[in-house]
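Q: Return a 3D structure for these sequence lines:
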Amino acid sequence: MLVLSFNSVLIIAGISVLVPVVLGLLPWLPVPGAVLQVIAGIIVGPSVLGWARIDAPVQVLAQLGLGILLFMAGLEIDVDRLRSPLSRLAGIAFAVSAVLGVFCALLFWLAGQASQPFLLAIILMSTSAGLLLPILKDAGEATTEFGQLVMTGAAVAEIVPILLLSLFFSAAAKTTADQLVSLAIFLALLVLIGLTLTRVRRLSGLDRLLNRLEERSGQLRVRAALTLALACGVLAYRFGFASILGAFAAGLLVHLLEVSGREPNQLFLTKLEGIAFGFLIPIFFISVGVGFNLKDLLSHPSALAEVPLFLVALLAVRGLPALLYRRVVGGRRAAAAGLMQATTLTFVIVAAAIGSQTGKFSSTTASALVAAGLLSAALFPAGADRVLARGRKAASARGSEPVTALPGSHTARNGRNQPRSS
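A: A predicted model of the protein is given here:
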């Protein structure tokens, strides 16, 4: 009989309770909960105290946490926003980021600090949209043209890197042609699943059935959504792609089925957030810290020196293209947008792990990338918040109103999006 120990899971669960308490007692602390969770994981992990380790239970729960994190990220993508006029400007900015990302990655490669420049370029062009939403809401910018522009750019910088990572670094096919065929078939199956579910969703009486079972132990709506996420993840894996691609696609499907074009079911979304952010996602972030090899990073000065270089590269690749926003939102907010767009953590963690597992990155380079992602999530949002605060003070001194809501914006239509600790 297999004997499993849940000591590490218990310690990690305790940290997941402690972190929001610390944030609640210290509301002035400008650090996202995800960053504190990773740092706490490093402290209790083998690198410092050695209280917790990555054993089988932690590994399984962390994988589920990663899957539901990408599912919730897909659920946050407002497809209608991607069709707005702002999407063209955000798309141009991301194209500039892609060029800068390749250029910076080639510089690292020429300097002998990156053996896989294309993978590094994909990491540098990513943005963590989930970390930006609370900042925009707290600043009163979520429904403004500025906030919509930032979130659209972040959505593009989340979708495209996930597709590129799955296509070029997680596919089992040997040739690029085989990879493209596999991706085309996978996307076609997703479209077929989406069309089928859309027809089923329109069946008369289905809403009544879902609402009736939602108040009982059946929890049909929640079970169906999570089963869809699991099914899409398995489907992606069967086609040779990372499961995160399927989980992200499932979140997009649920958004289209349950949010777009209808009044969102707040109870259903709250239950999903409770499962995701209440338990599984914190375990993922804390386990990243537990598995983080701090001793190895500190023992390699060259790898440690890469951390500020990667951080500067993130700021250059995602921050500089925000200068294109100046004519739309002004210079101050464009600078804030640049800092926000340079904020990345989740994708860096995933891509660095894949790079390390496949031999594309050394373990020290992967640790340096994660450290740079942590610093970006800790420093850049705080800097953006200060820039926006100065803008509000300047506008108040002039006696003008700094922000206005966009008519018909997604957040103005419904109040679904809530600040998140991770």
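Q: going forward, measure contacts and count neighbours with C-alpha atoms only.
A: Noted.
Q: For the one residue sitting closest to the centre of the chain, which non-adjacent residue is closest in space?
A: Residue closest to the mean C-alpha point of the chain, counted by C-alpha atoms, centre = their mean, is Ser128 at 4.1 Å. Sequence neighbours aside, Thr344 is the residue nearest to Ser128 in space, at 4.6 Å (criterion: C-alpha to C-alpha, 6 or more residues apart in numbering).
Q: burial measure for the one you found, as a count.
A: For Thr344, the number of neighbouring residues by other C-alpha atoms under 10 Å comes to 33.
Q: Please apply the same query to the one 4 residues further on.
A: The tally of other residues near Val348 (other C-alpha under 10 Å) stands at 24.
Q: That one reaches Ser367, doesn't it?
A: No - judged on C-alpha atoms under 8 Å, Val348 makes no contact with Ser367 at a distance of 10.1 Å.
Q: Overlap of the contact sets of the two?
A: The contact sets of Val348 and Ser367 do not overlap (C-alpha atoms under 8 Å, 6 or more residues apart in numbering).
Q: can you give me the helices for the stretch 251-400 of the chain?
A: 266-275, 281-291, 294-298, 301-314, 326-329, 331-341, 346-357, 363-398 (DSSP state H, counting those that start in this stretch).
Q: need the contact list for the residue lying closest to Gly355 once chain neighbours are set aside.
A: Distances taken as C-alpha to C-alpha, 6+ apart place Phe361 nearest to Gly355, at 5.0 Å, with adjacent residues excluded. For Phe361, the contacting residues are Ala114, Ser115, Gln116, Ala352, Gly355, by C-alpha under 8 Å, 6+ apart.
Q: Just name the most buried of the helices of the stretch 251-400 of the chain.
A: helix 281-291 (a mean of 27; mean count of other C-alpha atoms under 10 Å).
Q: what does that one rub up against?
A: 12-13, 15-16, 34, 37-47, 52-54, 58-59, 61-66, 68-69, 349, 422.
Q: go on, stretch 260-273?
A: Met72, Asp78, Val79, Asp80, Glu214, Arg221, Val222, Glu258, Val259, Asn414, Arg416.
Q: Any chance of a ChimeraX selection covering the buried ones in these?
A: The ChimeraX command for the buried members of the contacts of stretch 260-273 (criterion: 16 or more other C-alpha atoms under 10 Å) is given here:
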select :72,78,79,214,221,222,258,259,416
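Q: Pick out the most distant pair among the contacts of stretch 260-273.
A: Spatially, the most separated pair among the contacts of stretch 260-273 is Asp80 and Glu214, at 27.3 Å (C-alpha to C-alpha).
Q: didn't Arg326 look like it was pressed against Ala337?
A: No - contact criterion C-alpha under 8 Å: Arg326 and Ala337 do not qualify, at 9.9 Å.
Q: and stretch 229-245, which residues are buried?
A: 229-237, 239-245.
Q: so which strand or helix has Gln179?
A: Using DSSP states H and E, Gln179 sits in helix 176-201.
Q: What's the first helix or strand after that helix?
A: helix 206-214.
Q: as a whole number, average confidence for that following helix?
A: Across helix 206-214, pLDDT averages out at 75.
Q: Toward the C-terminus, what is the element adjacent to it?
A: Helix 206-214 is succeeded, C-terminally, by helix 220-238 (DSSP H and E).
Q: Spit out the contact partners of the nearest residue to Arg81 once chain neighbours are set aside.
A: Spatial nearest neighbour of Arg81, chain neighbours left out: Thr152 (6.6 Å); criterion: C-alpha to C-alpha, 6+ apart. Residues near Thr152 by C-alpha under 8 Å, 6+ apart: Arg81, Leu82, Leu86, Ser87, Ala90.
Q: among these, who's most crowded?
A: When neighbours are counted by other C-alpha under 10 Å, Ala90 leads the contacts of Thr152 with 25 neighbours.
Q: ok, that residue touching Gly153?
A: Yes - using C-alpha under 8 Å, Ala90 is in contact with Gly153, at 4.7 Å.
Q: Export the contacts of Thr152 as a markdown table, with columns for distance to Ser204 and pLDDT.
A: Below are the contacts of Thr152 laid out as a markdown table (distance: C-alpha to C-alpha, whole Å; pLDDT from 0 to 100):
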| residue | distance to Ser204 | pLDDT |
| --- | --- | --- |
| Arg81 | 29 | 70 |
| Leu82 | 30 | 70 |
| Leu86 | 36 | 77 |
| Ser87 | 35 | 84 |
| Ala90 | 39 | 90 |
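Q: Among these, which ones are in helices?
A: Arg81, Leu82, Leu86, Ser87, Ala90 (DSSP state H).
Q: Return the residues in contact with the third one.
A: Contacts for Leu86 (C-alpha under 8 Å, 6+ apart) come out as Gln148, Leu149, Thr152.
Q: So the second one is in contact with Pro85, correct?
A: No - when contacts are counted by C-alpha under 8 Å, Leu149 is not listed as touching Pro85 (9.6 Å).
Q: which one of those two has more residues nearby?
A: Leu149 (26 against 10).
Q: Could you give the separation of the helix or strand hosting the more buried one from the chain centroid?
A: Per DSSP H and E, Leu149 falls inside helix 145-169. On the basis of C-alpha atoms, centre = their mean, to the nearest Å, helix 145-169 sits 9 Å off its chain's mean C-alpha point.
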